[in-house]
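J.: I need the structure of the sequence given here:
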Amino acid sequence: YREAIMGQRELFEGKTVLDVGTGTGVLAMWCAKAGARKVYAVEGSDMAHVAKQLVATNKLEGVVEVIHGVMEQVSLPEKVDVIVSEWMGFYLLHESMLPSVLHARDKWLKKGGTMLPSEVTLWAAPCDTYAGLA
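T.: Residues are numbered from 1 along each chain as shown. Here you go, the predicted structure:
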């Protein structure tokens, strides 16, 4: 994620960004350091308090605004140019964040905006593990 953000600064410079499920806020802070004008970092758990502390420690309070709330229930003051999210748990869908990211896209992403990541590939192969247990 760091390389994707810092290596594509043109996607972030002067732009508004939404980080869905920010956790510790690391993606939001990288977006700020890549030149984002404003980053809304939304976190539904109490980890939002930690993210606020980390943002302050890194002197990014003027750019990163941590919002403690569920994505489907928060209100932003503006639509955003970019949405970032580390929504993929193991097996790609484990964290169940995808519905929140899609809601954020449909409600808050400007037309022609960017999502990071914007696509994923899931590879699967059938196997029979029961035979090996007998």
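J.: average model confidence for stretch 114-126?
T.: Across stretch 114-126, pLDDT averages out at 77.
J.: stretch 59-70 now?
T.: Stretch 59-70 carries an average pLDDT of 97.
J.: ok, longest strand in this structure?
T.: In the chain, assigned by DSSP state E, the strand with the most residues is strand 109-116.
J.: what about that strand, distance to the chain center?
T.: 13 Å (Cα atoms, centre = their mean, to the nearest Å).
J.: do the same with stretch 35-49
T.: Computed by Cα atoms, centre = their mean, the chain-centroid distance of stretch 35-49 equals 9 Å.
J.: list the contacts of that stretch.
T.: Stretch 35-49 is contacted from outside by 9, 12-25, 27-28, 31-32, 51, 55, 63-71, 74, 76, 78, 80, 82, 104, using Cβ atoms under 8 Å, 6 or more residues apart in numbering. For every residue, glycine as well, the C-beta is placed using N, CA and C.
J.: on that earlier part again, for the longest strand of the chain, buried residues please.
T.: In terms of neighbour count (16 or more other Cβ atoms under 10 Å), strand 109-116 has its buried residues at L109, G113, T114, M115, L116.
J.: which strands and helices sit next to that strand?
T.: strand 80-84 (3 or more Cβ pairs under 8 Å, 6 or more residues apart in numbering; DSSP states H and E).
J.: neighbouring strands - and their directions - for the strand it packs on?
T.: strand 16-20 (parallel), strand 109-116 (parallel) (DSSP bridges).
J.: between these, which one is nearest to L98?
T.: Nearest of these to L98, taken as Cβ to Cβ: strand 16-20 at 10.0 Å.
J.: distance between the closest one and the chain's centre?
T.: On Cα atoms, centre = their mean, the centre of strand 16-20 falls 7 Å from the chain's centre.
J.: may I have it as CSV, with CA atoms only?
T.: Coordinates of the C-alpha atoms in strand 16-20 are reproduced here as CSV (Å, rounded to 0.1, in the frame of the first residue of the first chain):
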residue,chain,number,x,y,z
THR,A,16,-9.7,14.7,-1.0
VAL,A,17,-9.3,11.1,0.2
LEU,A,18,-11.5,8.8,2.2
ASP,A,19,-9.9,5.9,4.1
VAL,A,20,-12.6,3.3,4.9
